[in-house]
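Enquirer: return a 3D structure for these sequence lines:
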Amino acid sequence: MQHNLQQIAGTLRPGTVKNAELTLREFALLVASEDAAVSCVAELKRRHVERYRQWLLERPAARGGPLHRHTVRDRLGKLRGFLRRLDEWDAADRPPRQLVFDSDLPIADEPLPRFLDDAAAPKLLATARQDPDPFARLAIEILARTGMRRSEMLGLTVDAVVQIGSAYWLRVPVGKMHTDRYVPLHPQLKTLLDDWLLHRSEGLRSDLLFTDHGRPVNASRIEAAVRKAAERAGLGRVTPLSAYGPVSPVVYGRTSPVVRPLRSLARWPGGGS
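Expert: Numbering: from 1, shown residues only. Coordinates of the predicted model:
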């Protein structure tokens, strides 16, 4: 199992590798505690996977209640990926046949994209502009007008604002989606970014746009800013990912405009089937 983790660490993101390690660790501990006769991967049977699946469905989540079906699906998918890689590598220590099947994975939900509607988005922006914290004002403006992820926002560098022709654009770095892109800057967002850069401490060793006493800003600070503004605006629970709304522009990747996924748009009233 450790060899598998070392191999996938070269191609997958650290968070994905950590999740795979957690899955394999809890699966191995469950098997070891309930079937002491198993001493290697090759001795695993279908019943061990079925027991692990049942254990996932019955175990409580950290915040109470059962694990979400997406979590169960992810854990079983990680286990299936591990066993399939053993087959691909022709490993000596592997089960004689595949043990995890598509039917084992709970069906994933495909909800519509989460974003603020025409009425809620202006409320969130108006409330955020009254916040005395300049980071909170800028963070919410960026999320609402670009639709970028927290990790992408925190990865912005001081040279992220570029001028193409007579317009200003924000270059979003390579992130979870493995692509970079350009987002047209709204004039008000451009003003906020200029003001932030103007008051940025000099002599910092980091090129990151958002730092706090020389260290990268933590993602929890973005969550706190969005939560505070949403509560004051009377919008209830709003996450950084759902903070973008109709004010978000079309974004341009390497080849063509990218709007919301077509599969999602097709499920809107009036969309395709």
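
Enquirer: how about the residue lying farthest from the centre of the chain, nearest residue that isn't a chain neighbour?
Expert: Note on the chain: the largest C-alpha distance from the chain mean falls to A37, namely 39.4 Å (C-alpha atoms, centre = their mean). Counting by C-beta to C-beta, 6 or more residues apart in numbering, the nearest residue to A37 once its immediate chain neighbours are dropped is E43, at 7.5 Å. (Each C-beta comes from the backbone N, C-alpha and C, glycine too.)

Enquirer: stretch 149-160 spans what distance, first to last residue?
Expert: Using C-alpha to C-alpha, to the nearest Å, the end-to-end distance of stretch 149-160 comes to 15 Å.

Enquirer: chain center to it, what's the gap?
Expert: Centroid separation between stretch 149-160 and its chain, computed with C-alpha atoms, centre = their mean, to the nearest Å, is 14 Å.

Enquirer: in it, what counts as buried?
Expert: Using 16 or more other C-beta atoms under 10 Å as the test for burial, stretch 149-160 gives 149-150, 152-156, 158, 160.

Enquirer: and if you look at stretch 118-128?
Expert: Buried-residue list, stretch 118-128, by 16+ other C-beta under 10 Å: 120-121, 123-125, 127-128.

Enquirer: got it, and stretch 222-230?
Expert: Residues of stretch 222-230 classed as buried: 222, 225-226, 228-230 (neighbour count, 16+ other C-beta under 10 Å).

Enquirer: quick one: mean pLDDT for stretch 51-69?
Expert: In this model, stretch 51-69 has a mean pLDDT of 90.

Enquirer: one more: stretch 5-19?
Expert: Here the average pLDDT along stretch 5-19 is 85.

Enquirer: okay, that stretch in CSV with CA atoms only?
Expert: Taking C-alpha atoms only, stretch 5-19 is exported to CSV below (Å, rounded to 0.1, in the frame of the first residue of the first chain):
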residue,chain,number,x,y,z
LEU,A,5,0.9,5.9,-2.3
GLN,A,6,4.4,6.7,-3.4
GLN,A,7,3.5,6.2,-7.0
ILE,A,8,0.4,8.2,-7.1
ALA,A,9,2.1,11.1,-5.3
GLY,A,10,4.0,11.8,-8.5
THR,A,11,0.8,12.5,-10.5
LEU,A,12,-2.0,13.4,-8.1
ARG,A,13,-2.4,16.4,-5.8
PRO,A,14,-1.3,16.1,-2.1
GLY,A,15,-4.9,16.3,-0.9
THR,A,16,-5.9,13.4,-3.1
VAL,A,17,-3.0,11.3,-2.0
LYS,A,18,-3.8,12.1,1.7
ASN,A,19,-7.4,11.0,1.1
